[in-house]
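Enquirer: Pasting the sequence and the predicted model now:
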Amino acid sequence: MSNFESLATRAVEATPPALSKAVRGLSDKTIAWVFIAPTIILLLAINIFPLIWTIYLSFTNYAANRPNRPITNVGLKWYRDILGSPEVWAAMQATAHFVFWTILFQTLIGFGLAYLIDRKFRGHAFWTTIILIPMMLSPAVVGNFWKFLYQPQIGLFNYAVSFFTGIDPSSFEMLGSVKLAPWAIVIVDTWMWTPYVMLICLAGLRSIPGYIYEAAEVDRASKWRQFWSITLPMALPFIMLAVLFRGIENFKMFDMVVLLTGGGPGSTTELASITLKRQAFEAYRTGYSSAFAIILFVAVFGLANIYVRTLNRVKQR
Amino acid sequence: MKNFVTGLITFRREPWETLAVVIIALGVLMLLQPISMTLYTYSFITTLIGTVMFIIVTKFPE
């Protein structure tokens, strides 16, 4: 008797007779529905219902701190307000600065690290583990940790910059300066998420068959030529995947930046998600923040569609 | 280019998906750009059109 048959026999014996009789009368399709129904119900309750409710609220004057006030329909007012607001536009630009530079640095450094790790030098497994550590930390821990590192008096970051450049360590403040704060959050995110990009790029590099390089060697192609004609084009779908994934994640970035700067100084690091949180839970403009959430959702959902398309293409390779 | 136009006319999935992706990317760029307030204002509707279009065209034949 095979293992599978033995397992099936044990399952049949363990099923109570009443349940066994009830199930026997059901078709395969019904049984399949019975199995997936809890997941569908959970999905509807946790994802779909809040989404539909948020869309509804975005057309009303509802305020969460005044639940007894009559709810009136305001039409597209909140959408017009948000899409015509210079403050929200400024938050979008802060988000754009953050997303653009983090993706650029993470892709360049991540691909570079993956290229080095792929060489399989002595102790490469150990260094891979070391490099992956920042990615495993909680954003809350990273936020607090870097807040100390950025301290102008006791922080190591200022001393490191001073060591390499000769600038007085107490002469600049990464989190308190309007010019430096947007770069401070870029540095932290790059530090934390470059290993993730490296992992995806490494998967791309490892998927390139060795015989292509052997054929290139036979044709006397230089290492530079091999990189531009084989390595980069074949790893490109994976790089695209990493770029899209990080783009989506950073577009929604909230926790780490709140812990580091709280959106300040002024509103220089106030990303879209921080503006949204302030409108929803500090100003209690629930209708307005719902409309804002829908705008961000559509942008992220659109990017996610591109992500899925790229993922399918990578799978087809 | 000719294949792309033929694909659009005959409602093939690939070119329509590409078009939807371009519209979505354009909408997101309009949302995040620092140059024009008008582009920012119309970014949401552009992204929404691209996204709805993407959902529809993924049902087109290959």
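Expert: Done, it's in. Computed from a predicted structure; not experimentally measured.

Enquirer: which parts of the longest helix along chain B are buried?
Expert: Within chain B, and with DSSP state H defining each element, the longest helix by residue count is helix B:13-32. By 16 or more other CB atoms under 10 Å in any protein chain shown, the buried positions in helix B:13-32 come out as B:15-17, B:19-21, B:23-28, B:30-32. Every residue, glycine included, has its C-beta placed from N, CA and C.

Enquirer: before we move on, what about stretch A:138-158?
Expert: Within stretch A:138-158, the residues scored as buried using 16+ other CB under 10 Å are A:139, A:142-143, A:145-147, A:149-150, A:152, A:155, A:157-158.

Enquirer: Same question for stretch B:35-50.
Expert: Of all the residues in stretch B:35-50, those buried under the rule 16+ other CB under 10 Å are B:39-41, B:43-44, B:46-50.

Enquirer: what's the first-to-last distance across it?
Expert: Criterion CA to CA, to the nearest Å; first-to-last residue distance in stretch B:35-50 is 22 Å.

Enquirer: what is the rounded mean pLDDT of that stretch?
Expert: Here the mean pLDDT over stretch B:35-50 is 94, rounded to a whole number.

Enquirer: again with stretch A:153-169
Expert: In this model, stretch A:153-169 carries a mean pLDDT of 87.

Enquirer: One more: stretch B:2-12?
Expert: On average, the pLDDT along stretch B:2-12 is 77.

Enquirer: is that stretch up against chain A anywhere?
Expert: No - Stretch B:2-12 stays clear of chain A (CB under 8 Å from any CB of the partner chain), getting no nearer than 15.0 Å.

Enquirer: So what touches the helix or strand where A:Ala22 lies?
Expert: Here A:Ala22 sits within helix A:17-24, counting by DSSP states H and E. For helix A:17-24, the external contacting residues (CB atoms under 8 Å, 6 or more residues apart in numbering or on different chains) are A:12, A:15, A:31.

Enquirer: Looking at those residues, which are in helices?
Expert: If you go by DSSP H, the contacts of helix A:17-24 have A:12, A:31 in helices.

Enquirer: wait, isn't A:Leu26 in contact with A:Val34?
Expert: Yes - in terms of CB atoms under 8 Å, A:Leu26 counts as a neighbour of A:Val34; the distance is 7.3 Å.

Enquirer: The residue in the stretch 201-317 of chain A positioned nearest to chain B: what secondary structure?
Expert: Per CB to the nearest CB, A:Gly302 is where the stretch 201-317 of chain A lies closest to chain B, at 3.8 Å. A:Gly302 carries the three-state label helix when classified by DSSP: H, G, I helix; E, B strand; the rest coil.
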